[in-house]
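Asker: Next one to model:
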Amino acid sequence: MSGMTSGLGVVALALLPWTSVLASGPRQMVVSVAPDWNSQRGHLRLFDLSEEGRWIPVSPHIPVLFGKNGLAWGRGIMSGRVPPLFKTEGDGRSPAGMFRIGKIYTADASLPIGANYPFVRIGERDAWIDDVEHPLYNQHVVIQDPHNPPPWFEKQRMKTGDFAYRWLVEIRHNRDPIVRGAGSAIFFHIRRGETRPTHGCTTMAEEDLAAMIRWLRPEATPVYVLLPVREYQALWRKWQLPPPDLVIPARNAMTAR
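Answerer: Presented below is the predicted three-dimensional model:
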């Protein structure tokens, strides 16, 4: 583990009370674990909540990629407070913690066959703002006239011809509320290669992302959890997460290159 995991005992401070999460009734959970704070790679698994209140795995361990510089604490439903590991704009780290899953953004006319989840069809007028000086930082924006766009638009526009961005599933980091400079535009999307990390998103193979999209149900108010292994082992009971033996793959799988 990196030395940045020191101070583990003060992790688990929540941005929102866990009771408020329970009140919203999340019955789906996407869980990712990374070997440590500096890991670019890890695994993800999907869980449904049973009628008895137990998290039941409904997928295998799916290989995923994180930020090129690893992970840092994000701003979501649950988070930690271990300086200096706070997500900031452009740091190349994926936000750790628990987050609501927002809408899906796609240039396609529909989601994968069998999916039933809210989505926004994007085109030549759509942007997502990552400029910390912009008043609409970390928000989806639709301009009125693509033939006369504002000066900032070209750098902020959402790409519609990039295969990796075919489906952008919003991870609601730094959204409720938005804090300028705390990181923006965090999504699940298709990976660019088996070993190519991201700027802060969580990516996976196209077929795995399509399967996750088909599984997501808006009425289940799904959430996403991303933690390094040690933090997961320390927090899973307090955050009422699936037991570590269902989440953490064998050591050789976690460290494979």
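
Asker: any idea how far Y165 is from V229?
Answerer: Counting by C-beta to C-beta, to the nearest Å, the gap from Y165 to V229 is 29 Å. The way it works is simple: take the backbone N, C-alpha and C, and place the C-beta from them, glycine included.

Asker: Which one's more surrounded, those two?
Answerer: The neighbour count for Y165 versus V229, taken as other C-beta atoms under 10 Å, is higher for V229 (21 against 18).

Asker: Check what pLDDT I101 gets.
Answerer: If you check I101, the pLDDT there is 98.

Asker: looking at it, it is touching I171, isn't it?
Answerer: Yes: applying C-beta atoms under 8 Å as the test, I101 and I171 come out as touching, 6.6 Å apart.

Asker: Which residues are in contact with each of these two?
Answerer: Y224 (C-beta atoms under 8 Å, 6 or more residues apart in numbering).

Asker: So for the two, which sits in the more crowded spot?
Answerer: I171 (26 against 23).

Asker: Name the nearest residue to the more buried one, ignoring sequence neighbours.
Answerer: I186 (4.5 Å; C-beta to C-beta, 6 or more residues apart in numbering).

Asker: neighbours around the one you found, how many?
Answerer: Neighbours around I186, by other C-beta under 10 Å: 27.

Asker: Is it correct that it is in contact with G200?
Answerer: Yes: in this structure I186 lies within contact range of G200 using C-beta under 8 Å: 5.7 Å.

Asker: contacts for the host helix or strand of L46?
Answerer: Assignment of secondary structure by DSSP states H and E places L46 within strand 41-49. With contacts defined as C-beta under 8 Å, 6+ apart, strand 41-49 is touched by 26-35, 55-66, 195, 197, 202, 204, 212, 215, 220, 242, 246-247, 249, 253-254, 257.

Asker: From those, which land in strands?
Answerer: Using DSSP state E, the members of the contacts of strand 41-49 that fall in strands are 28-34, 55-57, 62-65, 202, 204.

Asker: Could you work out the most separated pair of those residues?
Answerer: I56 and L65 (25.9 Å; C-beta to C-beta).

Asker: So between those two, which is more surrounded?
Answerer: L65 (22 against 12).

Asker: Mind pulling up the pLDDT for the residue nearest to I171?
Answerer: 98.

Asker: can you check S2 too?
Answerer: Model confidence at S2 (pLDDT) stands at 32.

Asker: Okay, helices next: where are they in the protein?
Answerer: 18-23, 153-156, 206-215, 229-235, 244-247, 251-255 (DSSP state H).

Asker: how far does the fourth one sit from the chain's center?
Answerer: In this view, helix 229-235 has its centroid 18 Å away from the chain centroid, taken as C-alpha atoms, centre = their mean, to the nearest Å.

Asker: cool, and the third one?
Answerer: When distances are taken as C-alpha atoms, centre = their mean, helix 206-215 is centred 14 Å away from the chain's centroid.

Asker: and the angle for it with strand 28-34?
Answerer: 150 degrees (axes from the mean of the first three to the mean of the last three C-alpha atoms, to 10 degrees).

Asker: List the buried residues of helix 206-215.
Answerer: E206, D208, L209, A210, A211, M212, I213, W215 (16 or more other C-beta atoms under 10 Å).

Asker: go on, the fifth one?
Answerer: Of all the residues in helix 244-247, those buried under the rule 16+ other C-beta under 10 Å are L246, V247.

Asker: Give the full set of residues in contact with V64.
Answerer: Contacts of V64 by C-beta under 8 Å, 6+ apart are S32, R41, G42, H43, L44, R191, T202, T203, M204.

Asker: residue closest to the middle of the protein?
Answerer: Closest to where the C-alpha atoms of the chain average out (C-alpha atoms, centre = their mean) is I171, at 4.1 Å.

Asker: could you dump the lengthiest strand in the chain to PDB, C-alpha only?
Answerer: Determined from DSSP E, the single longest strand within the chain is strand 94-106. The C-alpha coordinates for strand 94-106 follow below in PDB (Å, rounded to 0.1, in the frame of the first residue of the first chain):
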ATOM      1  CA  SER A  94     -10.700   8.700 -10.100                       C
ATOM      2  CA  PRO A  95     -13.000   9.800  -7.200                       C
ATOM      3  CA  ALA A  96     -13.300   7.300  -4.400                       C
ATOM      4  CA  GLY A  97     -16.300   7.000  -2.200                       C
ATOM      5  CA  MET A  98     -20.000   6.300  -2.800                       C
ATOM      6  CA  PHE A  99     -21.900   8.100  -5.600                       C
ATOM      7  CA  ARG A 100     -25.400   8.200  -7.100                       C
ATOM      8  CA  ILE A 101     -25.500   7.100 -10.800                       C
ATOM      9  CA  GLY A 102     -27.100   9.700 -13.000                       C
ATOM     10  CA  LYS A 103     -28.400   9.600 -16.600                       C
ATOM     11  CA  ILE A 104     -26.700   8.100 -19.600                       C
ATOM     12  CA  TYR A 105     -25.500  10.400 -22.400                       C
ATOM     13  CA  THR A 106     -25.300   8.900 -25.900                       C
END
